[in-house]
Structures are given as structure tokens and as C-alpha cells.
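Q: give me a 3D structure for the following:
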Amino acid sequence: TYPDGAKREQEIKNMSATYEELAKDILPQLRRAVVTVNAIQHNRTDARILELAKSTADSLSIEEILYAGTLTNDINEKLNFYKVSEKMYASDWRTSNNVGGIYLMQNKLQDAKAAFNRAAGASANNPIIMNNQAIVMRWEGDRKSAKAQLDMSKSAGPEVMYNLGIIAIQDGVYADAVSNFGGSASFNAALAKVLSGDLDGAVSTIDKSSEKEDALSYYLKAVIAARKGNKEGVVSNLKTAIGKDPSLKQKAKTDVEFLKSREEIDFKS
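A: The predicted structure is shown next:
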């Protein structure tokens, strides 16, 4: 009659103090022991998981083989791991989704699209998969459908808002782009600020980003310098950008952003 275990046990003790037969003949046979064990499970090391993924991936669990993909910077190796995982664990949507992600990185749009569709077949209305499918839609030029898809998958995380920010840039709605990127420190976030007129904010964003040493980041800083009338900044940033990516020289030659600085820019070097 007592739902509380401690209270119930105390009442049984009270009864045993009154009824000797209960204490001598019944309770001893009902005694119990509770054992709590704290232990450390020794899993495979990262090195061992990576080794097995390369040799006998079928000996790994789904979690181990997906984790193996994070242990290498070789994109083809990642793809191989994820393809094996998809073959072994096709019902787990993450396998096909990861395959699609690598195909996107390789600019293999149709392969990525097919992989994401397989992932969606394993997990319908999954917001993470929907976000990735929206990327494919945008790449295919259907920004309207991509935006609708992203609006339905916001629970997938900040990546959704980032992708909405890219669409907003392409649609020319720069204030929305800045808002969607939020505190993201990236080239695209900086570009949105340039387009919305926040030049100082754009420079600060670039300098905080992981892309700050990319050629395009220096090119964008050259554009910012040009808009500020800083010809020295134009020259120095363009020089660095072209040094990192020589193809930008031709782009700079015809870029109206540098019209006023054209005499100071040595395009022949």
C-alpha cells in the first residue's frame, strides 16, 4: 500500500518487530542485494578505427564507420567509407546523406541529388535531408523551391539560415541576407554586408572567418578598399588575391569596382 520504496521497507521492518514468524521464516528468504558497478568501456582507438575502415570496414559498427569519415581529410577516402556504410546500413539515413554531402563537395550534383533522395526514402521529412535537398534545388536554379524547402527545415540548425542567406543574396534582398547569416563569420556573410553598405562590418567579418586567407576574400577586401577610395588597399589586396589565384587578374581588369584605381594596378605583372 506504500508506493514509496523506502517507506514500504520501513513498514515491513516495523511489522517484523511485532510478528516474530515474519522476521524468522519469511523475510530472510526475501532478502535482496543491489549492486552498482561503475566501469569504463574500452573502445577502439581512432587509429584502429581508421585502419579497419580502410581494410575491413564490414567489421565496424555504423557509428564507427561514420566516425571514421571524420578521421581523414582525404575526400575520396571519406566517400569510400560512406559508400560502404550505405551498402551495409542502407536503412540508416545518415549513410546516404553523407554520401550526398561528399558528392556536393565534388560538384557532382546529380549523384548528390540521388543520394539525398535515398536518404529521404529512409527518413521522410527529415529536416537535415531537406536542407541538403534545398542546396541541390538552388544549384539547379530553382531558388523558389529551395527557399520553400528551407522554410520547412529550420529545425535542422543554423545551416538552414545560412543557406537562406545565400538565396537572399542571389535574390538581391541584402538586408535579409545579413539577418539570415546572423553572427556567421564567412565570406558570404561579409559579401552580404558589402552589398548592404556595411563596409567596416564586412572587413571585420572576413578577418574573423576561416576563409580569410582565400583569394576571393582578398579580392572582396580590394572591392571594399575601392569603395572607400583607398587605392593603396586596392593594390595590396588585389596583388595578394591574384598571387593566390592568377585567374582573378582577368576578372579585375574588367571589374568596374576598380575603374578609379586602374592606373595604380599593374595588371601586367
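
Q: tell me the pLDDT at the residue nearest the centre of the chain?
A: Centroid-nearest residue in the chain, with Cα atoms, centre = their mean: Glu159, separated by 6.6 Å. Listed pLDDT for Glu159 reads 94.

Q: check which element follows the helix or strand hosting it along the chain.
A: Assigned by DSSP states H and E, Glu159 belongs to helix 158-170. Next helix or strand after helix 158-170 toward the C-terminus (DSSP H and E): helix 174-181.

Q: what about the helix or strand just after that next one, average pLDDT?
A: Once the chain leaves helix 174-181, the next helix or strand it forms, by DSSP H and E, is helix 187-195. Mean pLDDT, computed over helix 187-195, is 97.

Q: what about the helices in the stretch 51-200 of the chain?
A: Secondary structure of the stretch 51-200 of the chain, counting by DSSP state H, counting those that start in this stretch: helices at 62-68, 75-88, 93-105, 109-122, 127-139, 143-151, 158-170, 174-181, 187-195, 199-208.

Q: dump the residue contacts of Gly172.
A: Contact criterion Cβ atoms under 8 Å, 6 or more residues apart in numbering gives no residues in contact with Gly172. Where you see a C-beta, it was placed from the backbone N, CA and C, and this is true even at glycine.

Q: re the thing from before, okay if I get the helices of the stretch 51-200 of the chain as JSON lines plus distance to Asn237?
A: As requested, these are exported to JSON lines (distance: least, Cβ to Cβ, whole Å):
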{"stretch": "helix 62-68", "distance to Asn237": "40"}
{"stretch": "helix 75-88", "distance to Asn237": "30"}
{"stretch": "helix 93-105", "distance to Asn237": "28"}
{"stretch": "helix 109-122", "distance to Asn237": "32"}
{"stretch": "helix 127-139", "distance to Asn237": "29"}
{"stretch": "helix 143-151", "distance to Asn237": "31"}
{"stretch": "helix 158-170", "distance to Asn237": "21"}
{"stretch": "helix 174-181", "distance to Asn237": "22"}
{"stretch": "helix 187-195", "distance to Asn237": "13"}
{"stretch": "helix 199-208", "distance to Asn237": "10"}
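
Q: quick one: closest of the ones you listed to Ala17.
A: Nearest to Ala17, of all the helices of the stretch 51-200 of the chain, is helix 62-68, at 53.7 Å by Cβ to Cβ.

Q: return the set of buried residues in the closest one.
A: 64-68 (16 or more other Cβ atoms under 10 Å).

Q: a markdown table please, covering those and showing distance to Asp176.
A: Formatted as a markdown table, these follow (distance: Cβ to Cβ, whole Å):
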| residue | distance to Asp176 |
| --- | --- |
| Glu64 | 42 |
| Ile65 | 40 |
| Leu66 | 35 |
| Tyr67 | 37 |
| Ala68 | 39 |
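
Q: looking at those, which is nearest Ala23?
A: Of all the buried residues of helix 62-68, Glu64 has the smallest distance to Ala23: 54.2 Å, by Cβ to Cβ.

Q: end to end, how far does stretch 200-216 reach?
A: 17 Å (Cα to Cα, to the nearest Å).

Q: got any ranges where the chain has weak pLDDT?
A: Applying pLDDT under 70 to the chain flags residues 262-269.

Q: try 90
A: 1-43, 57-58, 253, 259-269 (pLDDT under 90).

Q: still on that earlier bit, closest to Asp25 out of the helices of the stretch 51-200 of the chain?
A: Evaluated over the helices of the stretch 51-200 of the chain, closeness to Asp25 peaks at helix 62-68, with 52.2 Å, by Cβ to Cβ.

Q: ok, residues contacting that closest one?
A: 44, 49-50, 52-53, 57, 60, 81-82, 84-85, 88-89, 92, 94-95, 98.

Q: show me the contacts for Phe187.
A: So Phe187 contacts 206, 209, 211, 214, 216-217, 220 (Cβ under 8 Å, 6+ apart).

Q: buried ones among the residues you listed?
A: Listed as buried from the contacts of Phe187 are 206, 209, 214, 217, 220; burial here means 16+ other Cβ under 10 Å.

Q: sort out for me which of these are in strands.
A: Using DSSP state E, no member of the buried ones among the contacts of Phe187 falls within strands.

Q: ok, so of the residues you listed, who is nearest Asp142?
A: Distances from Asp142 to these, taken by Cβ to Cβ, are shortest for Leu220, at 27.1 Å.
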